[in-house]
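J.: this one's structure only:
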């Protein structure tokens, strides 16, 4: 496909890197140095110019554009460039829009103005954090097959029911249909077999239906009900904090926001009902003590500075807070925070990239068994990929035990209609199935490529 990306920042360059192997990518940006850097690093076409100028869009090939993605720092520029691109025959348009005031106009933007997708990174990040807080033992949760399949990351603690158990005994021990499809042990990422024995400290990725995932958490934690988050402190009252506070109030969680900017505090107090807004510096230990931050069930660090967020989270963790969530955007700091044994790390950039990738892949070739969803996990060292089987192939209808998978690959789940299947040797892949594959390899574009 021909894809135009407007804005060569963190999200735009990440999308260009991932998509250039599969599509014809053109990146437009006002910065000559930014375009030069992207062109030198990736196999893409770069154009220095204003995305609101028709001449620039024509140079980019707007008339044959399949997907136009607007990612500048200005919501209005993103919306307007999509409208111009649509008029100039771009087939699908995606706009990044962060201002909460546009939230109520999403349907109008899509149906009346023809913008195919509006991406609000802060809203999506807030949803991801809220999802994690529903299951305090979870580090991260991803969903596949339109919500039928959950892929959850947790850490095995000392004394856990999972410690020192072989995977072949797991389902029998828990009496649940689940699958552990990947294990991170220290620096090593492993696709395990049935003989693999779990150890304390392992981070595991578990696949199950949503209902079985709830039962799984109840099985591994005798204090599951007591662990539910009833109070949360948000350090930072930016856009993500605003959306998250709304989500948590709907969940019945008592919310306190500590925000350093007095004007922003006033805005939040006007917009948020039944949320305690404190004007203060969340990194100041006097403020932390006065507001009894460490008495909360959860602390979520959402300032605009990655290093501050990591420090806040470390202090909260060391002071006994049960659940800590850290917002970090820079990849090198995400890797550092892994070594510091923090709970859940959220990257708005990664979440935005994944959401746009899902849309792009859904619009890819409708024939063949192509990728519809892709998540990169464990600092991009693991991929969880969803394929939809659209036509009969040599592997369709064949018991999995008769098929040979490539090394470093595991079929994690099969969704068939309303049924979610944890695959065993006698199960088969059928036409119209949604198949989730977990792999330490990269670059799979079709389900047939996973078989030897």
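T.: Received, thanks. Just so you know, these numbers come straight off a predicted model, no measurement behind them.

J.: strands paired with the helix or strand containing residue 27, and their directions?
T.: Residue 27 belongs to strand 24-29 when elements are defined using DSSP states H and E. Strand pairing for strand 24-29, determined by DSSP bridges: strand 2-6 (parallel), strand 45-48 (parallel).

J.: could I get those as JSON lines with mean pLDDT, distance to residue 84 and mean neighbour count?
T.: The C-beta positions use only the backbone N, C-alpha and C, and glycine is treated the same way. Output for those, formatted as JSON lines (pLDDT from 0 to 100; distance: least, Cβ to Cβ, whole Å; neighbours: other Cβ atoms under 10 Å):
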{"stretch": "strand 2-6", "mean pLDDT": "96", "distance to residue 84": "11", "mean neighbour count": "26"}
{"stretch": "strand 45-48", "mean pLDDT": "96", "distance to residue 84": "15", "mean neighbour count": "18"}
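
J.: shaky segments in the stretch 351-452 of the chain?
T.: Scanning the stretch 351-452 of the chain for pLDDT under 70 picks out 364-370.

J.: hmm, 90 instead?
T.: The model of the stretch 351-452 of the chain has pLDDT under 90 over residues 351-355, 357-393, 407, 417-419, 424, 432, 440-449, 452.

J.: quick one: the strands in it?
T.: Under the criterion DSSP state E, counting those that start in this stretch, the stretch 351-452 of the chain contains strands at 371-377, 382-388, 409-416, 419-421, 434-439.

J.: so what's the spatially most central residue of the chain up against?
T.: Nearest to the geometric centre of the chain sits residue 351, at 4.0 Å (Cα atoms, centre = their mean). Counting by Cβ atoms under 8 Å, 6 or more residues apart in numbering, residue 351 makes contact with 121, 124-125, 128.

J.: repeat for residue 386
T.: Residue 386 touches 144-145, 371-374, 434-437, counting by Cβ under 8 Å, 6+ apart.

J.: again, only using 10 Å
T.: 142-146, 149, 151, 358, 361, 371-375, 412-413, 415, 434-437, 447 (Cβ atoms under 10 Å, 6 or more residues apart in numbering).

J.: From the residues you listed, keep the buried residues only.
T.: Among those, those classed as buried by 16 or more other Cβ atoms under 10 Å are 142-145, 149, 151, 358, 361, 371-375, 412-413, 415, 434-437, 447.

J.: Mind putting the strands of the stretch 351-452 of the chain into JSON lines with distance to residue 50?
T.: Below are the strands of the stretch 351-452 of the chain laid out as JSON lines (distance: least, Cβ to Cβ, whole Å):
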{"stretch": "strand 371-377", "distance to residue 50": "32"}
{"stretch": "strand 382-388", "distance to residue 50": "36"}
{"stretch": "strand 409-416", "distance to residue 50": "44"}
{"stretch": "strand 419-421", "distance to residue 50": "48"}
{"stretch": "strand 434-439", "distance to residue 50": "41"}
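
J.: Which of the helices or strands spans the residue of the chain positioned farthest from its centre?
T.: With distances taken as Cα atoms, centre = their mean, the residue sitting farthest from the centre of the chain turns out to be residue 55, at 35.7 Å. If you go by DSSP H and E, residue 55 is part of helix 54-59.

J.: related to what we said a few turns ago, let me know the pLDDT of the residue farthest from the centre of the chain.
T.: Looking at residue 55, its pLDDT reads 96.

J.: Quick check: it vs residue 293, distance?
T.: Residue 55 is 54 Å from residue 293, where distance means Cβ to Cβ, to the nearest Å.

J.: same question, residue 204
T.: Residue 204 is 30 Å from residue 293, by Cβ to Cβ.

J.: per-domain residue ranges of the protein.
T.: The record's domain split for the chain, according to automatic domain parsing, is 2-119, 125-226, 236-321, 357-450.

J.: quick one: the last one to chain centroid distance?
T.: Put plainly, it is domain 357-450. For domain 357-450, the separation from the chain centroid amounts to 19 Å (computed by Cα atoms, centre = their mean, to the nearest Å).

J.: on that earlier part again, from residue 286, how far out is the residue nearest to the centre of the chain?
T.: Residue 351 is 34 Å from residue 286, by Cβ to Cβ.

J.: now swap in residue 430 and tell me
T.: Relative to residue 286, residue 430 is positioned 62 Å away (Cβ to Cβ).

J.: Would you mind putting the domains of the chain into CSV with distance to residue 344 alongside?
T.: Listed next are the domains of the chain as CSV, based on distance: least, Cβ to Cβ, whole Å:
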stretch, distance to residue 344
domain 2-119, 21
domain 125-226, 5
domain 236-321, 9
domain 357-450, 13
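
J.: Please identify which of these is closest to residue 347.
T.: Ranking these by proximity to residue 347 (Cβ to Cβ) places domain 125-226 first, at 8.4 Å.

J.: Which positions are bridged to residue 388 in the beta structure?
T.: residue 434.

J.: In this structure it contacts residue 416, no?
T.: No - using Cβ atoms under 10 Å, residue 388 is not in contact with residue 416; the gap is 11.3 Å.

J.: Need the residues touching each of these two.
T.: 145, 431-435.

J.: quick check, nearest of those to residue 261?
T.: Once Cβ to Cβ is applied, the member of those that ends up nearest residue 261 is residue 145, at 41.7 Å.

J.: who are the neighbours in contact with that closest one?
T.: 209, 372-373, 386, 388, 413-416, 420, 433-436.

J.: residues contacting the nearest residue to residue 359 once chain neighbours are set aside?
T.: Residue nearest to residue 359 in three dimensions, not counting chain neighbours: residue 117, with 5.4 Å by Cβ to Cβ, 6 or more residues apart in numbering. By Cβ under 10 Å, 6+ apart, the residues touching residue 117 are 67, 69, 82, 92-96, 106, 109-110, 355-356, 358-360, 363.

J.: Could you pick out the buried ones from those?
T.: Members of the contacts of residue 117 classed as buried by 16+ other Cβ under 10 Å are 67, 69, 82, 92-96, 109, 355-356, 358-360, 363.

J.: Between the residues you listed, which sits nearest residue 315?
T.: The nearest member of those to residue 315, counting by Cβ to Cβ, is residue 355 at 31.4 Å.

J.: Averaging pLDDT per element, find the lowest-scoring helix or strand in the chain.
T.: Within the chain, no helix or strand scores below helix 224-227, which has a mean of 52 by mean pLDDT, DSSP states H and E.

J.: avg pLDDT for the helix or strand following that one?
T.: Counting by DSSP H and E, the element after helix 224-227 in chain order, helix or strand, is strand 231-235. Across strand 231-235, pLDDT averages out at 96.

J.: buried residues in the helix or strand just after strand 231-235?
T.: Remark: after strand 231-235, the chain's next helix or strand is helix 239-250, criterion DSSP H and E. Counting neighbours by 16+ other Cβ under 10 Å, one finds that the buried residues in helix 239-250 are 239-248.

J.: sorry, back to before: thought the residue farthest from the centre of the chain was touching residue 88?
T.: No - using Cβ under 10 Å, residue 55 is not in contact with residue 88, being 11.0 Å away.

J.: tell me the contacts of residue 243?
T.: With contact set as Cβ under 10 Å, 6+ apart, residue 243 has these partners: 100, 103, 120, 122-127, 129-130.
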